[in-house]
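Visitor: model the structure of this input:
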Amino acid sequence: ALTQEVAYNSLLLKRRKEIHEKIGNAIEQLYAERLEEFYEMLAYHYSRSDRLDKAVRYVGLSAEKATRNNSLWEALRFHKQTLDLLGGISAIPETKRKCLAAILSMANILRLLGYPEDPMEFFKQGERISAELEDYQSMAIISSSIGMYYSMKGNLSLGRSYLERSFHEAERASDLNILGPLAYGLFVSYLWEGKYTKIADMAPKVIQLLEKTHREGEDFGTPANLYCTLHCHAGQSLAWLGNFEKAEEHCKKALTFAGNLGHLFSIGISEMFYGVVLMTMGIGERSAEHLRKSLDAFEKSQGTVFTPVAQTCLGISHFFMGDEETALDHMEKGLEMQIASGLPFFLSFQHYCLSLGRMESRDLKKALFHAQEAVNLARKYNEEGAEEALALGILGIAGWKAQKLSQNDAEVQIRHSIKIAENLEMRPAEAFGYEHLGTLFSEVGQREKARESFKKAEEMYLQMGLDSRSYWLRRTRDLLAQIDV
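Guide: Numbering: from 1, shown residues only. Below you'll find the model as predicted:
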């Protein structure tokens, strides 16, 4: 009886497979002129037949269709199905190339979704197949993906070291196919570590190479267009170095190119970075406009990995416009989203922004909490540079105002923040530090020292090209005016 049951089930399974293949054949014949509408159905039927070749084809086409429609979760599911199907086919070079293509597509999708699952098993498989095929461009894309994954999970030094070795080798050979993906990952790591001078030096060289070879619009296996992203990274870095004019030039080029491409995630990235540059300048309304557009593009593209940062920065922009309640709502929402993502990258920055917001709303207890969290996280994840420079100034002045620090200890904290900013050449952060120092001296009645510090901040803002549109410059002048009353 057992033998008969096994035979029956085997016969039934064979018959089922034949039926699924016949349905697939019928769809192909009946709807030959509009097959795209039926990719998913064809993938379903052929994956349940013995025609694995057609199953792989239509599952892959379904994944591409889902990606075009910004249905990233669906695309991820199809790519995983492709790998499962290919596992049942002999490992000839053609099969390996199809596996690698699926893994490379998954790498981008997982990054856009904020790594909802551990991708290392896929990445290691991709590394192995790239080496076997001697496909060095794919190996560079995988290396970039691994480096960014480590960085976004909080291991910045490991992520950076993973990328730097390969990048410098590719740079010497001027091989854009390898250099492009590595630059994408490496510069993101540099941004998180506050290595703005490196990006300002290196990014224009890769941009020029893209322009010289007329490859600005090419796909280098990165989630956003490489040319746009490099302009964004250069713009952000130059802004923190105090060269706002050049920073805006880069952001405008990124946004124009992304708009012409019509690539939603590239548009979102370009809008966000332009908004952050304007936020650094203290220009509220324009910053908020770009950040709102970035959030819209991220939502439409399902590329939500940067949504928390854009939310928080939008909050800061609302502070500049005097809308305290809306500002705090956006920043709290951004922090909640970042924590929920499980990704610690930019978490220190989120807390710094909230410390600034709470200082503005005179909630000293929460300002101190967020400033301390920003410092702790920066040190934990090796972001001691930029984030620590910004947060220590708030920690010093908020600590004094809340009577948690003596005047001397508060001054030490603020001067330490200024020194870090000076070493990193972060001129806006250095100016913020002098403003905090002026506020401290003003609070304790040392008017001349306060005036000297505020004047130093004002001088730096003016040297950076800021004018009366800037919240930072207006506030510093208001504080100066209060001393002279």
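
Visitor: low-confidence bits of the stretch 151-300 of the chain, can you list those?
Guide: For the stretch 151-300 of the chain, the stretches with pLDDT under 70 are 169, 172-174.

Visitor: residue boundaries of the helices in it?
Guide: Along the stretch 151-300 of the chain, counting by DSSP state H, counting those that start in this stretch, helices occupy 156-173, 176-193, 196-212, 226-240, 244-261, 264-281, 284-301.

Visitor: cool, and the stretch 351-485 of the chain?
Guide: If you assign secondary structure with DSSP H, counting those that start in this stretch, the helices in the stretch 351-485 of the chain sit at 364-380, 386-401, 407-424, 427-443, 447-463, 471-484.

Visitor: one more: the stretch 1-150 of the chain?
Guide: So, for the stretch 1-150 of the chain - with DSSP H, counting those that start in this stretch - the helices run 2-30, 39-46, 52-68, 72-86, 93-112, 120-133, 136-152.

Visitor: single out the most deeply packed of the ones you listed.
Guide: When you average the neighbours per residue for each of these (mean count of other CB atoms under 10 Å), helix 136-152 leads with a mean of 24. In this view, the C-beta of every residue, glycine as well, is placed from N, C-alpha and C.

Visitor: what is that helix packed up against?
Guide: Of the remaining helices and strands, those touching helix 136-152 by 3 or more CB pairs under 8 Å, 6 or more residues apart in numbering; DSSP states H and E are helix 93-112, helix 120-133, helix 156-173, helix 176-193.

Visitor: indicate which one of these is closest to S47.
Guide: Counting by CB to CB, S47 lies closest to helix 93-112 out of the helices and strands packed on helix 136-152; the figure is 14.2 Å.

Visitor: need the helices of the stretch 1-150 of the chain in CSV (columns: distance to E373).
Guide: Supplementary listing: those in CSV, determined by distance: least, CB to CB, whole Å:
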stretch, distance to E373
helix 2-30, 56
helix 39-46, 46
helix 52-68, 37
helix 72-86, 31
helix 93-112, 26
helix 120-133, 28
helix 136-152, 19
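
Visitor: out of these, which gets nearest to K195?
Guide: Using CB to CB, the nearest of the helices of the stretch 1-150 of the chain to K195 is helix 136-152, at 12.1 Å.

Visitor: and that closest one, how far out from the chain middle?
Guide: 14 Å (CA atoms, centre = their mean, to the nearest Å).

Visitor: residue nearest the centroid of this protein?
Guide: In the chain, the centroid-proximal residue (CA atoms, centre = their mean) is F306; its distance is 5.1 Å.

Visitor: list the contacts for it?
Guide: Applying CB atoms under 8 Å, 6 or more residues apart in numbering, we find F306 in contact with G268, I269, M272, S294, F298.

Visitor: in space, what's closest to the last one - neighbours in sequence excluded?
Guide: Take F298 and drop its neighbours on the chain: the residue closest to it by CB to CB, 6 or more residues apart in numbering is G268, 4.4 Å away.

Visitor: related to what we said a few turns ago, for the contacts of F306, which one is nearest S406?
Guide: S406 lies nearest to M272 out of those, by CB to CB, at 40.2 Å.

Visitor: okay, the helices and strands packed on helix 136-152 in JSON lines with distance to G284 next?
Guide: Putting these into JSON lines (distance: least, CB to CB, whole Å) gives the following:
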{"stretch": "helix 93-112", "distance to G284": "29"}
{"stretch": "helix 120-133", "distance to G284": "41"}
{"stretch": "helix 156-173", "distance to G284": "31"}
{"stretch": "helix 176-193", "distance to G284": "23"}
